[in-house]
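**Student:** Provided below are the primary sequence and the corresponding predicted coordinates.
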Amino acid sequence: MASKNSPNPIQLAQQIKQWGLELGFQQIGISQTDLSEAEQHLQNWLGQGYHGNMEYMSRHGCKRSRPKLLVEGTRSIISARMDYLPEPQQQSDTQLKDPTAAFISRYALGRDYHKVIRNRLQKLANKIEQAIGPFGYRAFVDSAPVLEKAIAEKAGLGWIGKHSNLINRKAGSWFFLGEIYTDLPLPHDEQASAHCGSCSACLEICPTRAIVSPYRVDARRCISYLTIELHGAIPEELRPLLGNRIYGCDDCQLICPWNRFARLSKEKDFNPRHNLDKIQLLELFDWNEEEFLRKTEGSAIRRIGHERWLRNIAVALGNSNSRDVTITQALSRRLHHPSELVREHAQWALARLKAN
């Protein structure tokens, strides 16, 4: 190992990658900071209004696509990926096909990934500091204006697929990303090449046709946006298309042929909590706010709050096409909920069940 005053960049990069594996990441890559192509794509996407109410996507000017504006002195970016798939895909398919079951995007079944990965990135930064002495860095996990997928693509971790998720040839797309912006002059990895070819499975499977063209997603139609990011009422014309998806959507990943190479995560933190991988809609709809907060503690789900949680489940119950009287009774009870948002979606669900 080089002295602390003059670390050998090539050796240091190799060590960083090894330390990353030891800390539970499946892959570490290193990229440079030129994201000009991604910046143009982002500006075009924002210009189309595809970001909907996600004003934070345009709030920071060019800081998102110009790392040196976000963290002065950034010379290299360490990009990390961590697998999170908690179950065989057949189990996800089974849950999705049961209209009275609740489907929650598989990334949110366990502990909030932000906390898990941020902690590991900090440990990685600590190891670097122990080896070379103090250096400039900042770690990010979907917590600042960072183009994490474009950075990961440049770092060789995969390519951005037609559904806008990152795909790795050996691991599919069921993984999280995190970054460390550094002032270290590290050697950069080769950018990953794309391998979607003529496949259009993700465009065809999308329930709401949110993937309007290859590599372009209209978030305003995306179920992940509608069930997580959107604070108000879900547009009525889109509600029937949500099916039983109450938090996010995994259809484009479930159909992707590259995910035949995906491996189950070894991280216990990503294991499903409170039986959320197999739970029924009615059980979740019965949670009061106190129970919701208790059972979503440390979970990404908590961010939407109890009101939107009930909104989403009401829509799913309305789509269940069930004649079970307990469903109509549960929806009828929510007609007296303090929230107008909940009452309106419960009323819609009752009307839809009656019409069917």
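**Tutor:** Sure, I can see it. Numbering: from 1, shown residues only.

**Student:** give me the pLDDT value at the residue lying closest to residue 137 once chain neighbours are set aside.
**Tutor:** Using CB to CB, 6 or more residues apart in numbering and skipping the chain neighbours, the partner closest in space to residue 137 is residue 182 (4.6 Å). To be clear about C-beta, it is placed using only N, CA and C from the backbone, and glycine gets the same treatment. With respect to pLDDT, residue 182 scores 97.

**Student:** can you report phi and psi for residue 182?
**Tutor:** With angles defined as degrees, to the nearest 10, residue 182 sits at phi -130, psi 160.

**Student:** partner residues bridging it?
**Tutor:** Note on residue 182: beta-bridge partners residue 76, residue 137, judged by DSSP bridges.

**Student:** mind listing the helices for the stretch 1-150 of the chain?
**Tutor:** 9-22, 36-47, 56-59, 67-70, 89-97, 113-132, 148-154 (DSSP state H, counting those that start in this stretch).

**Student:** residue 260 is nearest to which of the ones you listed?
**Tutor:** Smallest distance to residue 260 across the helices of the stretch 1-150 of the chain (CB to CB): 8.7 Å, for helix 89-97.

**Student:** quick one: residues contacting residue 295.
**Tutor:** 273, 274, 287 (CB atoms under 8 Å, 6 or more residues apart in numbering).

**Student:** name the nearest residue to the first one, ignoring sequence neighbours.
**Tutor:** Nearest non-adjacent residue to residue 273, counting by CB to CB, 6+ apart: residue 110, 5.9 Å away.

**Student:** test my guess that the residue nearest to residue 137 contacts residue 76.
**Tutor:** Yes: the pair residue 182 and residue 76 passes the contact test of CB atoms under 8 Å, sitting 5.3 Å apart.

**Student:** distance-wise, check the residue nearest to residue 273 relative to residue 47.
**Tutor:** Distance of residue 110 to residue 47, computed by CB to CB, to the nearest Å: 37 Å.

**Student:** pick out whichever of those two has more residues nearby.
**Tutor:** For residue 110 versus residue 47, the count of surrounding residues by other CB atoms under 10 Å is larger for residue 110: 23 against 10.

**Student:** wait, doesn't that one sit right on residue 296?
**Tutor:** No: between residue 110 and residue 296 there is no contact under CB under 8 Å: 11.5 Å.

**Student:** for the protein, what helix or strand is lowest in average pLDDT?
**Tutor:** Least confident helix or strand of the chain, by mean pLDDT, DSSP states H and E, is helix 56-59 with a mean of 87.

**Student:** got a list of contacts for that helix?
**Tutor:** With CB under 8 Å, 6+ apart, helix 56-59 has contacts from 42, 46, 51, 64, 145.

**Student:** which residue is the nearest non-sequential neighbour of the third one?
**Tutor:** Spelled out, that is residue 51. Nearest to residue 51 is residue 57, by CB to CB, 6+ apart, at 4.4 Å.

**Student:** about what we covered before: which among the contacts of helix 56-59 count as buried?
**Tutor:** Neighbour-count burial within the contacts of helix 56-59 applies to 42, 51, 64, 145; the criterion is 16 or more other CB atoms under 10 Å.

**Student:** thinking the last one is in contact with residue 71, fair?
**Tutor:** No: Residue 145 is not in contact with residue 71 according to CB under 8 Å; the separation is 10.8 Å.

**Student:** overlap of the contact sets of these two?
**Tutor:** With CB under 8 Å, 6+ apart as the test, residue 145 and residue 71 reach no residue in common.

**Student:** quick one: low-confidence residue ranges for the stretch 201-350 of the chain.
**Tutor:** Scanning the stretch 201-350 of the chain for pLDDT under 70 picks out nothing.

**Student:** tell me the contacts of the spatially most central residue of the chain?
**Tutor:** In the chain, the residue lying closest to the centroid (CA atoms, centre = their mean) is residue 107, at 6.6 Å. Contacts for residue 107 (CB under 8 Å, 6+ apart) come out as 84, 113, 174, 176, 248, 300.

**Student:** which two from these end up farthest apart in space?
**Tutor:** Farthest pair in the contacts of residue 107 (CB to CB) is 174 and 300. Separation: 15.1 Å.
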